[in-house]
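A.B. asks: structure, please.
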Amino acid sequence: MAPRSGVERGASAQRPTPAQTTLVTAARNAASLPAADAVVPAPVVAAAPVAAEPSGPRACALFLQRLPSVSRTQCEEALLTPSGSVSAHGVPLFWRDVPAPVVRGAADAPLRVLIAGAIHGDELTAAALALRWIAFAEQTERPVHWRFIPVLNPDGLLAKPATRTNGRGVDLNRNFPTPGWEKDAPLYWDKRTKRDPRRFPGKSPLSEPESQFLHAQMAAFRPHLIVSIHAPYGVLDFDGPLSPPERLGRLWLDQVGIFPGSLGNYGGVHRGMPVVTIELPHALNMPADSEVRSMWRDLLRWMGEHWPEALGTEPRP
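C.D. replies: The predicted structure follows:
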């Protein structure tokens, strides 16, 4: 996506703040996680995260104060579960699966949809929208298997102030392995962003545990559609083989181009996984409840129009 505004902070290698250290310690104690120096790249996990004990209250203890327009009840009822993978600073990466409803006599295979929020940690509304949509997914009767990752970048979200980059100062949305990344990503960062630390792509593709985790989900879950939620440009973007939605709620389609290492470029263009990128109008203030529902209804409507086409679209290796 185009450069985004938001709370800025230098993105050289960052040491955890005392507040982050406290949060990480609490998170490890709650989820029985290994020490940060024992973290290994996230494994490819094919099964839905339904076996682990739901830990909505533990996730909410970490994130709730940073999520605009999300009540404690809404947060806890989302039933987020630790995925087993952690951020650069050791914070759990939480997720939630909403399997397709069992419909007797239904012949259609379920559509697999992956929804990711807060790839940039200072886009707080992105996390809030992804979390609130979990309740909507539970109510839909359509044959869709949803996988939600509301906070892909917990280190950035929990930082004070929140940061676009992760705990190691990397822009996760420039860290995916698009062809020619080794040349194109550093060149773009140098020439186009003037070495903006908030847009540092990392030293190599998939150098970060958070981008490794999402990449693993793309390989294991094999989504027919990815919805990536951002802020604050107030537009709708799309990359991939399907016809894009013209609008979601008040957000109108405005395809802004592709960037080396971006999720839309990697998933939509090179892997053949359609990527809908939602740019909410504000990073800190949520849209009205009516708009939250309107965007969801429009997303379902567009999915319904392209259902057979989407099911026939298998990701490329």
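
A.B. asks: okay, CA-based contacts and neighbour counts for the rest of this
C.D. replies: Noted.

A.B. asks: contacting residues for the spatially most central residue of the chain?
C.D. replies: Centroid-nearest residue in the chain: residue 116, 2.2 Å away (criterion: CA atoms, centre = their mean). Shown in contact with residue 116 (CA atoms under 8 Å, 6 or more residues apart in numbering): 130, 148-152, 226-229.

A.B. asks: for the helix or strand containing it, the averaged confidence score.
C.D. replies: Element membership for residue 116 (DSSP states H and E) is strand 111-117. In this model, strand 111-117 has a mean pLDDT of 97.

A.B. asks: and residue 146, which of the three is it?
C.D. replies: strand (DSSP: H, G, I helix; E, B strand; the rest coil).

A.B. asks: near it, how many other residues are there?
C.D. replies: The tally of other residues near residue 146 (other CA atoms under 10 Å) stands at 23.

A.B. asks: cool, residue 294 as well?
C.D. replies: Per other CA under 10 Å, the neighbour tally for residue 294 reads 15.

A.B. asks: the residue nearest to the centre of the chain pairs with what?
C.D. replies: residue 149, residue 228 (DSSP bridges).

A.B. asks: how much space is there between it and residue 159?
C.D. replies: 19 Å (CA to CA, to the nearest Å).

A.B. asks: same question for residue 246.
C.D. replies: From residue 246 to residue 159 the distance is 35 Å (CA to CA).

A.B. asks: what's the helix or strand containing residue 95 packed up against?
C.D. replies: Assigned by DSSP H and E, residue 95 falls within strand 92-98. Applying 3 or more CA pairs under 8 Å, 6 or more residues apart in numbering; DSSP states H and E, one finds that strand 92-98 contacts helix 18-31, strand 81-86, helix 124-139, strand 144-149.

A.B. asks: residue 250 against residue 290, yeah?
C.D. replies: No - contact between residue 250 and residue 290 fails when scored by CA atoms under 8 Å: they sit 10.7 Å apart.

A.B. asks: comparing the two, which residue is more hemmed in?
C.D. replies: Per other CA under 10 Å, whichever of residue 250 and residue 290 has more neighbours is residue 250, with 16 against 10.

A.B. asks: buried stuff in stretch 157-167?
C.D. replies: Neighbour-count burial for stretch 157-167, counted by 16 or more other CA atoms under 10 Å, picks out 157-159, 162-167.

A.B. asks: ditto for stretch 212-228
C.D. replies: Result for stretch 212-228 [16+ other CA under 10 Å]: buried residues 212-219, 221-228.

A.B. asks: and stretch 85-105, by the same measure?
C.D. replies: Residues 85-100 are the ones in stretch 85-105 that count as buried (16+ other CA under 10 Å).

A.B. asks: equivalent analysis for stretch 65-74, please.
C.D. replies: 66-70, 74.

A.B. asks: from start to finish, how long is that stretch in a straight line?
C.D. replies: In stretch 65-74, first residue to last residue: 13 Å (CA to CA).

A.B. asks: now do stretch 69-84
C.D. replies: Start-to-end span of stretch 69-84 (CA to CA) is 28 Å.

A.B. asks: nearest spatial neighbour of residue 248, skipping sequence neighbours?
C.D. replies: Spatial nearest neighbour of residue 248, chain neighbours left out: residue 295 (4.6 Å); criterion: CA to CA, 6 or more residues apart in numbering.

A.B. asks: name the element that neighbour belongs to?
C.D. replies: Using DSSP H and E, residue 295 falls in helix 289-305.

A.B. asks: which secondary structure elements does the next helix or strand after that helix sit against?
C.D. replies: Toward the C-terminus, helix 289-305 is succeeded by helix 307-311 as the next helix or strand (DSSP H and E). With contacts taken as 3+ CA pairs under 8 Å, 6+ apart, helix 307-311 sits against strand 111-117.

A.B. asks: now the strand it packs on against strand 92-98, angle please.
C.D. replies: Here strand 111-117 runs at an angle of 150 degrees relative to strand 92-98 (axes from the mean of the first three to the mean of the last three CA atoms, to 10 degrees).
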